[in-house]
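In: Just a sequence and a predicted model for now, questions to come.
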Amino acid sequence: MNTVTSKQNLKSFTDKNAARHDMQQIEMSIVSITQPFPSIARITGKIDTSQAELWALPNVALRLLFANIENNLPISRVYTVRAFDAEKSKIEIDLVKHADLSPAMQWLNTVQVGDNIKIIGPRPHFAPDFSLDKHVVMFADDTAIPALYSILQHWQKGISADLYIESFEENIIQQLPLSDQIRIHFLHKTDHHQTGWLFASALQIDDCTNKTIWAACERSEARALRELFLEEHKMDKNLVKISGYWKAGVSSSDLDKVRAKHYLQHTQQGKTLAEYDDLDMPNEIENDISKDSL
């Protein structure tokens, strides 16, 4: 992919995505940095916003804009707001720690209370539709725990669920706001890069009658889950809400570039951002990421 074209595509995708969701670029002041688990850092920041009602929704995402510059654009990463305190205008985000020197880890290693960082948000992501009055089946890995926490905070009384949680941290479910109608299936992985257990659990589900599906995990596994429920179980697409948060072996910067390339092809076909689902992106496009990065 031509570097200039890639940069233009990414800026167009980011700008239009922000405009569509009425997102704003604002500053977040860091007020707390804690480590609730060995592999997770929790950042609490204070923001000045006129959109408190949007930040308070379940499963809201933001984009952190790091000071690093690549191709004249700030490097950014998307994270889910774990919790929002409307009275104090504070948000919590969790970062899964890993050994490589990604932009997020470089920032995390140096950030201090009192620092400021620019963010873009809020962007509401999908959550289970409780009005359907269906049994909810959810699949989440470590990266999706904040989204899961946020959704559970807004859980509707009377709705039952099965939650399949794949995590490096044995005690992570102790911090989730659970009810008696929610059953937990904990899958303890011993390596951050392990995947596949969520899909293996999904294969054990025989009857999808009166169910709705929510999942967020590694992209290849997310695709496999979506195919299982849509193609094998013939579920209505409106009942299957699945996101791929990350891709094994690929940096988020490179993934953003290939998303932008696919989005350009999408718009050239006369389609809109409202119709865009990046899990529709063919595998061969993602497999070309390493070539495009050369």
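Out: Arrived safely.
In: beta partners of the closest residue in space to Val113 that isn't next to it in sequence?
Out: Closest residue in space to Val113, ignoring its immediate chain neighbours: Ile30 at 5.5 Å, by Cβ to Cβ, 6 or more residues apart in numbering. (Glycine included, C-beta is placed from N, CA and C.) When bridges are called by DSSP bridges, Ile30 pairs up with Gly45.
In: what number of residues lie near Ile30?
Out: If you count neighbours by other Cβ atoms under 10 Å, Ile30 ends up with 16.
In: what's the spacing between it and Arg82?
Out: The gap separating Ile30 from Arg82 is 15 Å, by Cβ to Cβ, to the nearest Å.
In: I'd like the distance between the residue nearest to Val113 and Ser50.
Out: Taking Cβ to Cβ as the measure, Ile30 and Ser50 are separated by 21 Å.
In: hmm, back to that, isn't the residue nearest to Val113 right next to Ala41, touching?
Out: No. At 11.5 Å, Ile30 and Ala41 do not qualify as touching, with contact defined as Cβ atoms under 8 Å.
In: Give me the residue at the spatial middle of the chain.
Out: Closest residue to the average C-alpha location of the chain: Tyr245 at 4.6 Å, with Cα atoms, centre = their mean.
In: Looking at the nearest residue to that residue once chain neighbours are set aside now. What's its pLDDT?
Out: Excluding its sequence neighbours, the residue lying closest to Tyr245 (Cβ to Cβ, 6+ apart) is Thr143, at 4.6 Å. Per-residue confidence (pLDDT) for Thr143: 93.
In: which regions of the protein sit below the pLDDT cut-off?
Out: Per-residue confidence of the chain (counting by pLDDT under 70) places the weak regions at 1-21, 68-73, 192, 249-260, 262-263, 265-266, 271-278, 280-294.
In: if we look at the helix or strand hosting Asp94, which residues are touching it?
Out: Counting by DSSP states H and E, the secondary-structure element that holds Asp94 is strand 90-96. When contacts are defined by Cβ atoms under 8 Å, 6 or more residues apart in numbering, strand 90-96 is touched by residues 28, 31, 36, 39-47, 55, 62, 64, 79-85, 104, 108, 142-143, 145-146, 192.
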